[in-house]
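>>> Here is my input; please provide its structure:
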Amino acid sequence: MPELPEVEVVRRGLHEHVAGRTVAAVDVLHPRAIRRHLPGAADFAVRLVGQRLDAVRRRGKYLWIDLSGGEAVLAHLGMSGQMLVQPVGTPDEKHLRVRVRFADDGPELRFVDQRTFGGVALADLVEVDGVRVPLPMAHIARDPMDPAFDPGAAVAALRRRRTGVKRALLDQTLVSGVGNIYADEALWRAKLHGLRPADRLTRPKAAELLAHATQVMYEALGEGGTSFDALYVNVNGQSGYFDRSLAVYGREGEPCRRCGAPIRREPFMNRSSYSCPRCQPRPRV
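Modelled structure (predicted):
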């Protein structure tokens, strides 16, 4: 699943290419792409036509486009969703699901999704802590790149959780934007195993972990995000290259970049966790 850096790369590209433009036509080419928009494809298209795309915004791993009519287009990228900007007349992608044409006859916005786990929908905007966000995102916490993010409050919330620190770090109601990849990278930098109880972390150690998570996501953003296959791309179809800089994630059996011990992979919430057995010993039961 794309995490904060990958979604921010897409947000920046979309804002550059579609903000300020007015929708002329919408083609929904696969019903699963708008399954979260309960009134259906025809309603989605009719309500979008004539609207201006005012701004492209993000909170954590969640992306939306503010509309001139006061609603928003909420985009779920899922495991393989892509938001592409393509010149008019470009051949359709094999897995093209939704096409948005504009009144200026310029490049189209296309939602492409091979596995159809993603989708788009219209959502009402509500005010949360002085900021308007889509209603389905109202419970999502601010992320570390948000100017109003409060590190002290996030550290306190993290330390109140009676669960493993990795599970707490992935809780989007505490701190948004951190997913499996950057959680593992932050834990490695902090020399913490993901099963270490969050409520037993000292305040300085919890703050250090959060700082590492923030730093690694900024570094990933600078390299266009992490792309493990051709499905993770920006609006121009280009892949990021932070995977070359990962210290532990996806490196099972390879030497730790700090001590040389082989990186281990362990099952975690139907996924995998990667860590160094020497730098990140399992907590004692």
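
>>> Identify the single longest helix in this protein, thanks.
Assignment by DSSP state H gives helix 203-222 as the longest helix of the chain.

>>> For whichever helix or strand comes after that one, name the packing helices and strands.
Beyond helix 203-222 in the direction of the C-terminus, DSSP states H and E gives the next helix or strand as strand 264-268. Packing partners of strand 264-268 (3 or more CB pairs under 8 Å, 6 or more residues apart in numbering; DSSP states H and E): strand 271-275. Heads up, the C-betas are built off the backbone N, CA and C, glycines and all.

>>> all helices of this structure, in order?
Under the criterion DSSP H, the chain contains helices at 4-18, 41-48, 151-160, 165-169, 180-190, 203-222.

>>> Output those as CSV; include the columns mean pLDDT and mean neighbour count.
As requested, the helices of the chain are exported to CSV (pLDDT from 0 to 100; neighbours: other CB atoms under 10 Å):
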stretch, mean pLDDT, mean neighbour count
helix 4-18, 94, 21
helix 41-48, 97, 17
helix 151-160, 97, 16
helix 165-169, 97, 24
helix 180-190, 97, 24
helix 203-222, 96, 19
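
>>> What is the burial count for the residue lying closest to Trp188 once chain neighbours are set aside?
Among residues not flanking Trp188 along the chain, Val248 sits closest, at 4.6 Å (CB to CB, 6 or more residues apart in numbering). A count of neighbours around Val248, defined by other CB atoms under 10 Å, yields 25.

>>> From Arg115, how far off is Val248?
Distance from Val248 to Arg115, counting by CB to CB, to the nearest Å: 26 Å.

>>> Could you do Leu135 as well?
Remark: distance between Leu135 and Arg115 (CB to CB) = 26 Å.

>>> Appreciated, that's everything.
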